[in-house]
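S.K.: model the following, please.
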Amino acid sequence: MSTETDIGQNTLQPILNSIPIGIYVIDRELKIRWVNQRMLRWMREKRVSHAGDKNCYAAIFGSKTPCDGCPALMSFKSGRTEYSEIKKTGKSGNTYYLATSTPPGRGADKELAYFIMTIQDITTHKMAEDELHRLNEFNREIVENAPIAIFTVNRQGEISSVNPALAGISGLGEKVREKLLGFNWQKNPYTIKCGLARYIKEALEGKPFQLWDFPFVNYWGDPQYIYFKGVPMRGKDGNVEGLLCIIEDTTEIVRTRAQLIQEAKMSFVGRLAAGIAHELNNPLATITANAELAKELIENIDGDLEDESDLGELKEYINTIEEQAYRCTRTIRNLLDVTRKKDFGTSNINFNEFISGVLNQMNFRKMKVKLIKEIPPDLPEVNGDPEALRQVFLNVISNAVDAVEGTENATVWIKTMLKNDNRLEVAIEDNGIGIPEDMAELIFEPFFTTKEPKKGTGLGLTLCYDFLQRMGGSIEVQQRPRGGSVFRIALPIYNQKKTGYQSA
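M.R.: Got it, this is the predicted structure:
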C-alpha cells in the first residue's frame with residue numbers, strides 16, 4: 001500500500017506537522033500508516049517507523065480492542081465522516097477527553113482504502129463545560145429552593161421562568177407555571193393600573209428598579225405588600241435581553257411595623273389620657289353635681305316662678321351643662337379604656353350565637369337599612385373576650401349604618417370566611433360614601449373621625465383596633481369596588497376541626 005509513501009513524500013507534510021491537532025492515517029485494519037508530529041505525544045512508540053506494526057488503539061491508547069464509539073469503524077459502515085468524543089484514563093489515574101473525526105479516503109477503485117483521523121485534546125474545554133454545568137445546577141438548586149420568588153421576563157415583557165416560591169406569593173399554588181408562563185406584565189390591566197407595568201418597561205430599557213412594601217393584590221384578590229426588584233439581564237453585546245425579578249412578601253413585616261407604630265401612639269395617648277383625666281375629672285364631677293342640684297332646685301320652685309319662659313330657658317341651659325359634662329366624662333372613660341392594660345378573659349365563643357345576639361341588639365327592623373347576612377350556620381368557635389368583641393362589632397356595624405345614612409338602597413352586608421391562617425374573617429360592608437384612600441391609614445388613629453362634629457369622638461375604631469390586637473385578632477379597612485367601605489375583622493379560631501366549613 002502506497003499511502004504512507006505518498007503522504008511521506010507529499011509537500012504538504014510540513015504543513016500537516018505544524019497543525020496543532022493530531023493527524024494520522026489508518027487502513028481498514030485500523031493499522032497506522034502515517035502520523036504528524038502532534039500525534040507523537042499520544043503514542044507509546046516514539047518513532048513513526050515502528051507505528052506501522054500496531055493498530056491505532058494499541059499504539060495510541062495501549063488498548064487491546066478498539067475504543068468504544070470508534071469513529072473509524074462508524075465511518076467504515078456509513079461511508080461518511082464520523083465524529084466522536086473519547087474518554088480515557090491516563091497512567092496517573094487522571095481522566096482526559098479527546099475529540100476525533102474520521103473522513104474516509106478512497107483508492108483508485110473508489111473503495112474505502114484508508115481513514116484520515118484527527119484527534120484533539122479537549123480536556124480543558126470539557127472540564128470547563130462540566131464546571132459550567134455544575135455551576136448551573138448549583139444555581140438552579142438555589143433558585144428552586146429559595147424562600148423568595150425569583151422569575152425572569154423576556155424582551156416582550158412575558159414571564160419566561162418561575163421558581164416554586166412564587167406559587168405561595170401569587171396564590172396560584174401548583175398552577176403557578178401554567179398560569180404565569182407567558183403572562184405579560186406590560187399588557188395586563190391591573191399591572192398597568194398599579195404602576196408595575198411602567199417599572200417593567202423602564203427596566204427592559206436598562207433601568208433597574210427596587211420597590212419596598214409595594215401594595216399588590218394576588219390572584220385570589222387578597223391584598224398584600226411585596227418587595228419587588230428588577231435587574232436587567234444583558235447579552236454579550238450589552239443589550240438588555242430580559243429581566244431577573246425578585247419578589248418577597250412583606251405583608252407581615254408591614255403589619256408588624258404598623259402595630260409597633262400604633263402601640264407607640266397608644267403609649268403617648270396613655271400619658272395624655274392620664275393627664276386629661278386628672279385635670280378634668282374633678283371639675284367635671286363638680287359641674288355635674290351642681291347641675292343636678294340646680295335642676296332639682298328649679299323643679300321644686302317651679303310653681304313659685306311667675307315667668308315660665310325664663311324658667312324654661314334656665315332648664316335648657318342646665319340640661320346643656322349636664323349633657324356636655326357627661327360627654328366629657330364618656331370621652332375620658334374611652335381614653336382610659338384605650339390605655340388600660342387589662343388582660344381580657346379569653347374564652348371560646350360560639351360565633352353564630354354571638355353575632356345573632358349583636359344583630360338583635362342593633363335592631364335593624366327599626367332602621368331604614370337593608371341587612372344582608374352571608375353567615376353559614378356551622379361556623380367554628382373563636383377565641384376572645386365576649387364583652388370586648390361585642391363592643392367591637394357594635395361599633396363597626398353602627399359605623400356602617402351611619403355611613404349609609406341618606407344613601408339610596410342603603411345596605412349593610414355581613415360575610416364570613418375561613419382563612420388559611422386558622423382565623424375567621426368577618427367582612428362588614430356598606431354602600432355608603434366610602435373612606436378616601438388618603439384617610440384609610442388614619443382611620444384607626446385616636447381622635448380621627450370622618451363623622452360630622454358632635455357625632456363621634458374618634459376613639460371607637462381606636463378601641464376596636466386595640467381590643468382585637470390584644471385578643472390575637474386584627475382589623476383593616478378597604479374600599480368597596482362598587483362604592484362604600486369594607487372592614488375586615490379577623491379572629492383566632494378555637495378548633496377548626498369542629499366544622500365542615502371549608503377554608504378559602
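
S.K.: what does stretch 289-296 rub up against?
M.R.: K315, I318, N319, I321, E322, A325 (Cβ atoms under 8 Å, 6 or more residues apart in numbering). Yep, even glycine has a C-beta here, placed from its N, CA and C like the rest.

S.K.: in the longest strand anywhere in the chain, which residues are buried?
M.R.: When the chain is parsed with DSSP state E, its longest strand is strand 223-234. The neighbour-count check on strand 223-234 (16 or more other Cβ atoms under 10 Å) flags Q224, Y225, I226, Y227, F228, K229, G230, P232 as buried.

S.K.: quick check: neighbours of the helix or strand just after that strand in the sheet, parallel or antiparallel?
M.R.: Sequence order places strand 240-249 as the next helix or strand after strand 223-234, per DSSP states H and E. Strand pairing for strand 240-249, determined by DSSP bridges: strand 149-154 (antiparallel), strand 223-234 (antiparallel).

S.K.: same list (those) but as CSV, adding distance to E29 and mean pLDDT.
M.R.: CSV is the format used below for the strands paired with strand 240-249 (distance: least, Cβ to Cβ, whole Å; pLDDT from 0 to 100):
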stretch, distance to E29, mean pLDDT
strand 149-154, 55, 93
strand 223-234, 55, 92
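
S.K.: and of those, who's closest to V396?
M.R.: strand 223-234 (18.4 Å; Cβ to Cβ).

S.K.: how far does that closest one sit from the chain's center?
M.R.: 10 Å (Cα atoms, centre = their mean, to the nearest Å).

S.K.: with stretch 67-81 instead?
M.R.: Between the centre of stretch 67-81 and the centre of its chain there are 56 Å (Cα atoms, centre = their mean).

S.K.: what's the answer for stretch 373-385, then?
M.R.: 29 Å.

S.K.: can I get the CA coordinates of it in CSV?
M.R.: Output in CSV follows, covering the C-alpha atoms of stretch 373-385 (Å, rounded to 0.1, in the frame of the first residue of the first chain):
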residue,chain,number,x,y,z
LYS,A,373,-76.2,38.2,56.0
GLU,A,374,-73.9,35.6,54.4
ILE,A,375,-73.1,33.6,57.5
PRO,A,376,-73.1,29.8,57.3
PRO,A,377,-74.8,28.1,60.3
ASP,A,378,-71.9,25.9,61.3
LEU,A,379,-69.1,28.4,61.9
PRO,A,380,-66.3,27.3,64.3
GLU,A,381,-65.9,28.8,67.8
VAL,A,382,-63.4,31.7,68.2
ASN,A,383,-61.2,32.8,71.0
GLY,A,384,-61.8,36.2,72.6
ASP,A,385,-63.3,38.3,75.3
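
S.K.: please identify the buried residues of that stretch?
M.R.: Neighbour-count burial for stretch 373-385 [16+ other Cβ under 10 Å]: L379, P380, E381, V382, N383, G384, D385.

S.K.: helices or strands next to the host helix or strand of I475 in the packing?
M.R.: Using DSSP H and E, I475 sits in strand 474-479. Applying 3 or more Cβ pairs under 8 Å, 6 or more residues apart in numbering; DSSP states H and E, we find strand 474-479 packed against helix 437-440, helix 460-470, strand 485-492.

S.K.: now stretch 478-492: buried residues?
M.R.: So for stretch 478-492, counting by 16+ other Cβ under 10 Å, buried means Q478, R480, G484, S485, V486, F487, R488, I489, A490, L491, P492.

S.K.: those: which two are farthest apart?
M.R.: G484 and P492 (27.4 Å).

S.K.: strands - which of the buried residues of stretch 373-385 land there?
M.R.: E381, V382, N383, G384.

S.K.: tell me which two of the residues you listed sit farthest apart.
M.R.: Using Cβ to Cβ, these reach their maximum pairwise distance at E381 and G384, which is 9.8 Å.

S.K.: what is in contact with these two at once?
M.R.: Here E381 and G384 share the contacting residues I349, scored by Cβ under 8 Å, 6+ apart.

S.K.: what domains does the record give for the chain?
M.R.: 3-122, 146-249, 254-339, 347-498 (automatic domain parsing).
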